[in-house]
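**Q** Here is my input; please provide its structure:
(one chain, ligands or ions: 1)
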Amino acid sequence: MSEQSVLSPPAGESSPPTRLMLIGGDWVEAADGEWREITSPGRRGQVLARVPRGNAPDVDRAVSAARKAFPAWRDQHFKERQRVLLRIADALEGRAEELARLTAADTGNALRTQARPEAALLADLFRYFGGVAGEVKGTTLPAGASQLQYTRQEPLGVVGAILPWNSPLMIAGFKVPAALAAGNTIVLKAAEDAPLTILLLAEICEEFLPPGVLNVVTGTGRAAGNALVEHPGVDKISFTGSTEVGRGIAGKAGERLAHLSLELGGKNPSIVFPGAVTDELIEGLVLSSRISRQGQSCTAGSRLYLHRDVHDEVLARLAERLGAMKVGDPLDESSDIGSVINETQFDSITEYLQDGLANPALHAEVGGLPPTSGPLTEGYFHVPTLFSGGDNSFRLAREEIFGPVVVAIAWTDVDDVVRMANDTAYGLAAYVWSQDIDQAITTAHRLEAGWVQVNQGGGQVVGQSYGGYKQSGIGREVSLEGMIAGFTQTKQINVRLGSGATPAPRTGP
Ligand code: NAD
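**A** As a prediction, this is how the structure comes out:
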C-alpha cells in the first residue's frame, strides 16, 4: 500500500493502482468484486487509484469483525490502549509528509497551507486521546459505610463512523482515537471522493491494533454508508457531513434507537466591530473564511458583517489580500489554494457565483467566475470571491456554498448584527473581531453557535469542545468531555457491604 505508486505510478503502467479495504485485519476487495476509480480534483480526470465499491455484505463483514474484536479491546487496562494510540501517533508523525501529499492529491487541498497542517493535527489527536485514555472515569457516591455506589464509563461497542471528503484526516482524528481510547471498536466509512488517505491511515494503525479493532470500508453513501447506519450490530453512528444527509441518518438511527452524533453544515457569521483595521485583522479574516481550503469547511466564516465605520477599508484590504493568493496545483508548494473536490461541487459553486453576479445589489470586490483558459482549467479550480452589498435575505447569505465565496453585509447597530448573525438554521461556528474585549465577549455570548472565536480565525485545536448548535449538529467531539459523552455509557453499580449493614432502600421505579 505504498503512496508512491499512487502519486507517481511506474512509467508505462497503464491501469491505476489498486487499494483494498481493511476488514478484520485483512486487506480485501468488495464481496461483489466492484470497484470505483478515484480521480485527482487538482488534475481533472487523472485516476489516482481504484478502490472497492463496498456494499452491504462488506459492511456486514466489517461489523462482525468489530464485534468480535470488541470484548478483548474493551477489557484491557487503559494503559494498553494508551500505549497503542501513542505508538500510532508517533508512526503518523513519521509518515506525515506521505499523508499530507496523498491528501493533497485526493482532496485537492493545498499541500503547504492545508494538507500538512491537517496531517500534523491527526498525529496530535491520536496523542491527545491516547494521553487522556485513563480519564474515562466513573464517580463514587458517599452513600455511607454499608454501601458502595459507583459508576463505570463503559464503551458503547461498535462505532460506525462516516466521514466527509473535505478534511478526511482531521475528521477521522476527531472520531477514531477518541472511540478507541474509550474501548470501542470501529467501522469507518470513508467518503467516496477521498478514501485514499483514510486507507493509508488504516495501514498505519493496523500495524499496532489487533485485527478487527479498526475496519475501513470504501463505497458510496447510499450503499455502504446506509448499510452501516441500518446495521443492528452498530451501537453508535458518528457522522460528519451535510445537514441534509445527517437528517436522513438521524431518522434511520433513531428508528433502531442507536446512539448518534452529528457534525453538520454551517453558514458562519464573522462580525467586525469598529476600530483600527490592522494586518492582523485582515489575516484573521482570510483564515476564518477558510479561503485557503477553497471555502470547503463547515466552519468557514462566509457571512462577513462589517460595521459601517470600517466597511470600506476592510473590504478594500481584504479584496487585495484575497486577490493576491495563488490558486494552483494542490501539490505545488507555492499554491495557497487548491482545487474543489469534484465537478458537482465545481458546478454548484459556479451556479452560486452566477446568482451573485446577476444580483444588482451585489458587487464582486474580487474574483468571480472561474477562468476558462490557462492552467486552472486543468483541475476544479475556483478563485476567491468577495461580494459586497449583501443582505441577510439573499440566497448567497443563507445557504452553505462550500466554496471560496464570502458575502459582506454592512451593519451599524449591535443588536441588529446579532439578530442577523443568529438568523439562520445553522449554528456551528462564529467569529467576533473587536479591540473592546468586553464588547467582543458579550457578543460571543449572544451568538447561537457551538464554537465562537474572538480576534482569531484558526481551525480546531486538540482538547477544545467542538460541535454545533441548531441544525449544525448534535454532540461534541475533539475533547475529553466529548469523548466521554459521545463514546461511553454510564453504568451505576450499588453494592451492599458488610454483614448486618443496613440494606439499601427498596423504593424506586
Ligand atoms: P455528505 O453528507 O454528502 O457525505 C458525508 C458522508 O456521508 C460520505 O461518506 C457519504 O458517502 C456518506 N453518505 C451520503 N449519503 C449517505 C446515506 N444515505 N447514508 C449514510 N451515509 C451517507 O457530505 P460531504 O459532501 O462529503 O461533505 C460536505 C458537508 O459536510 C458540508 O455540508 C459540510 O459543512 C459538512 N461538514 C461538517 C463538518 C463538521 O464538523 N460539522 C466537518 C466537515 C464537513
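
**Q** which regions of this protein sit below the pLDDT cut-off?
**A** Scanning the chain for pLDDT under 70 picks out the ranges 1-14, 499-509.

**Q** Go again with 80.
**A** Scanning the chain with the threshold set as pLDDT under 80 gives 1-15, 44-45, 499-509.

**Q** And residue 59, which helix or strand is it part of?
**A** Using DSSP states H and E, residue 59 sits within helix 56-74.

**Q** Ignore what I typed, I meant residue 460.
**A** Per DSSP H and E, there is no helix or strand for residue 460.

**Q** if I look at residue 333, how far off is the ligand?
**A** Separation of residue 333 from the ligand (Cβ to the nearest ligand atom, to the nearest Å): 25 Å. (Each C-beta comes from the backbone N, C-alpha and C, glycine too.)

**Q** Return the set of buried residues in the helix or strand just after the helix holding residue 59.
**A** Helices and strands here follow DSSP H and E; after helix 56-74, the next one along the chain is helix 78-94. Within helix 78-94, the residues scored as buried using 16 or more other Cβ atoms under 10 Å are 78, 81, 82, 84, 85, 86, 87, 88, 89, 91, 92, 93.

**Q** Next up, the contacts around the residue nearest to residue 87 when sequence neighbours are not counted.
**A** Among residues not flanking residue 87 along the chain, residue 208 sits closest, at 5.0 Å (Cβ to Cβ, 6 or more residues apart in numbering). Contacts for residue 208 (Cβ atoms under 8 Å, 6 or more residues apart in numbering) come out as 84, 87, 88, 91.

**Q** Just the C-alphas of the helix holding residue 59, formatted as CSV.
**A** C-alpha atoms of helix 56-74 as CSV (Å, rounded to 0.1, in the frame of the first residue of the first chain):
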residue,chain,number,x,y,z
ALA,A,56,-24.0,-4.2,2.5
PRO,A,57,-22.2,-7.6,2.6
ASP,A,58,-18.8,-5.9,3.2
VAL,A,59,-20.3,-3.7,5.9
ASP,A,60,-21.7,-6.8,7.5
ARG,A,61,-18.3,-8.5,7.5
ALA,A,62,-16.7,-5.4,9.0
VAL,A,63,-19.3,-5.1,11.7
SER,A,64,-18.9,-8.8,12.6
ALA,A,65,-15.1,-8.3,12.8
ALA,A,66,-15.5,-5.2,15.0
ARG,A,67,-18.0,-7.1,17.3
LYS,A,68,-15.6,-10.0,17.6
ALA,A,69,-12.7,-7.7,18.5
PHE,A,70,-14.7,-5.6,21.0
PRO,A,71,-14.6,-7.6,24.2
ALA,A,72,-10.8,-8.0,24.3
TRP,A,73,-10.2,-4.4,23.3
ARG,A,74,-12.7,-3.2,25.9
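
**Q** Going by secondary structure, the residue nearest to the spatial centre of the chain is in what exactly?
**A** The centroid of the chain falls nearest to residue 171 when counting by Cα atoms, centre = their mean (3.7 Å). Using DSSP H and E, residue 171 falls within helix 168-181.

**Q** name the helices or strands packed onto the helix or strand where residue 349 lies?
**A** Using DSSP H and E, residue 349 sits in helix 343-358. When contacts are defined as 3 or more Cβ pairs under 8 Å, 6 or more residues apart in numbering; DSSP states H and E, helix 343-358 sits against strand 385-388, helix 395-398, strand 405-411.
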